[in-house]
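prediction below, plus the sequence it came from.
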Amino acid sequence: MHVVYKITFDNRLKENKKPYYYIGSKSNCVLEDGVLYGVRLNRNKSRNIKIPYWGSCKNTLYLECLKNEKKHIEIIETFETHSDCLNAERMIHIENDVVASPEYFNKIIAMNSPFLLFDHASYKNIETNKIAKLPKDHPEVLTGNWVLLDGGRESVRSRLTGAFRTQESINKTNEGNIGVTPLQNLKTGEYIRIHKDTEEYEKLDKTIWVHPSTYRKTNNQLTKMVCEFCGNRQTPTNYIRWHGDKCRMKPGNEKKKSKMALSKTGFQILFNVNTDESKKFKKGSDEILALDRNVWLDQMKYETAKGLAETLTCPWCEKSMDKWHYGCWHGDKCKKNPANEKLPKPKPNFMNVRNYYWGRRNALSRYPSKSSLTVYIKDVTISLEETG
């Protein structure tokens, strides 16, 4: 049985202490004595076992309420297929606006990932301190019931301390940073931030005060070291790892046999192209590594060089080749053989296409470029233009 359920915390609802609702879905379950049980086979697959299920929400407040608060669960609707159940759960989430509503513990719409959408941001409810991702033009955001959290490290700090900033304060900070540039002294390494329109900025020596990126490049250039054996100029890290006493040009550091060659087992038969002599060698041995591989060849190269290789023609693609390539890629294995045709790929459903498209938009916003994406959905072509 596939169901969409609703959990209500009675004491919190009576005291009007938000949030007090949670809506979710569950497959392969039964409702007994007011408890929803998930049914699955045991490890030996000999009998069914029942496990109490109270939702997938990992919110700390929600888990505490499950342990300490009085609650009851009700079945909203039952379905025969899992896909119908998920679609119904999604529609119920949208109808009740469970993410933006302070009455619900839910922080995401079913079958939807707002983390890939560039028009969403992290907000905090001023009434319940609930944190969720909402569209930037959501009515609750525009009315001021949800405030924007700081980005980056400030976002993590605000989640831990409960502090948040209004959009006005964030705009004021951004306006104050316009025209401010970081500079660093090439000689002393001193770091400052200064406005370009001030007199102090005009008085600075631009040959000494440069951007931090220029400072790092120049500093690395000055600290590069020259290897006494190969003459390459390298940063200290690369010099210590690959040069100096470890340089391959230093006498005594000739290339040694690789571990892979030493670990090979078995024998290989090689043919002398000049004398037609054949001999068996142990793989990875000193004897085989000392051979001239332009003279000692394996069987395929030897027969090809002598013109003895048998030529076969594939009945499917009608290409002629030696027996080794024929056995690997042609004959019954030929891709022209009707028995080897690949099955057509299933057409993507709308949700997968939407998530892929917005994921691409999010990536292109960080790496500006222009490209086009054509998607086929039920014999209908949709052309989407992506711009950075």
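All right, it came through fine.

in the stretch 101-250 of the chain, where is pLDDT below threshold?
Scanning the stretch 101-250 of the chain for pLDDT under 70 picks out 113-118, 150-176, 219-223.

ranges for the helices of it?
Listed in chain order, the helices of the stretch 101-250 of the chain (DSSP state H, counting those that start in this stretch) span 139-142, 153-161, 167-176, 199-203, 212-222, 236-242.

same thing with the stretch 251-388 of the chain?
Applying DSSP H, counting those that start in this stretch to the stretch 251-388 of the chain gives helices spanning 259-263, 286-289, 299-306, 323-329, 350-366.

for stretch 293-306, which outside residues touch it?
Residues outside stretch 293-306 that contact it (Cβ atoms under 8 Å, 6 or more residues apart in numbering): Q268, I269, L270, F271, N272, V273, N274, L308, A309, D322, W324. The C-beta positions use only the backbone N, C-alpha and C, and glycine is treated the same way.

from these, pick the one nearest V210.
Within the contacts of stretch 293-306, distances to V210 taken as Cβ to Cβ reach their minimum at Q268, with 60.3 Å.

quick one, what contacts the closest one?
Contacts of Q268 by Cβ under 8 Å, 6+ apart are K280, F281, K283, I288, D298.

show me which of those residues are buried.
I288 (16 or more other Cβ atoms under 10 Å).

name the residues that touch stretch 329-346?
Identification of contacts with stretch 329-346 by Cβ under 8 Å, 6+ apart yields L312, C314, P315, W316, C317, K319, M321.

and the second one, how close does it get to K224?
Summarising the geometry, the distance separating C314 from K224, computed by Cβ to Cβ, to the nearest Å, is 57 Å.

neighbour count winner among the two?
C314 (19 against 13; other Cβ atoms under 10 Å).

and that one, what does it touch?
Taking Cβ under 8 Å, 6+ apart, we find C314 in contact with S320, M321, Y326, H330, G331, C334, K336.

I109 now?
I109 is in contact with R90, H93, I94, V98, V99, counting by Cβ under 8 Å, 6+ apart.

report how many residues lie close to the last one.
Around V99 sit 22 other residues, with neighbours defined as other Cβ under 10 Å.

could you tell me how far N238 is located from K217?
In terms of Cβ to Cβ, N238 sits 16 Å off from K217.

my error: substitute D292 in the last question.
With distances taken as Cβ to Cβ, D292 is found 48 Å from K217.

more neighbours, these two?
A direct count of neighbours by other Cβ under 10 Å for D292 and K217 places K217 higher, at 12 against 7.

mark which of the contacts of C314 are buried, thanks.
Buried among the contacts of C314 by 16+ other Cβ under 10 Å: M321, Y326, H330, C334.

out of the contacts of stretch 329-346, who has the most neighbours?
Among the contacts of stretch 329-346, C314 has the most neighbours (other Cβ under 10 Å), with 19 neighbours.

with pLDDT and secondary structure added, can I get the contacts of I109 in a markdown table?
Converted to a markdown table, the contacts of I109 look like this (pLDDT from 0 to 100; DSSP: H, G, I helix; E, B strand; the rest coil):
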| residue | pLDDT | secondary structure |
| --- | --- | --- |
| R90 | 89 | helix |
| H93 | 91 | helix |
| I94 | 89 | helix |
| V98 | 91 | coil |
| V99 | 90 | coil |
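
are any of those buried, and if so which?
Among those, those scoring as buried are R90, H93, V98, V99 (criterion: 16+ other Cβ under 10 Å).

now those residues as a markdown table including distance to G38?
A markdown table is the format used below for these (distance: Cβ to Cβ, whole Å):
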| residue | distance to G38 |
| --- | --- |
| R90 | 21 |
| H93 | 21 |
| V98 | 22 |
| V99 | 25 |
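
tell me the one of the residues you listed nearest G34?
Using Cβ to Cβ, V98 comes nearest to G34 of those, at 22.5 Å.
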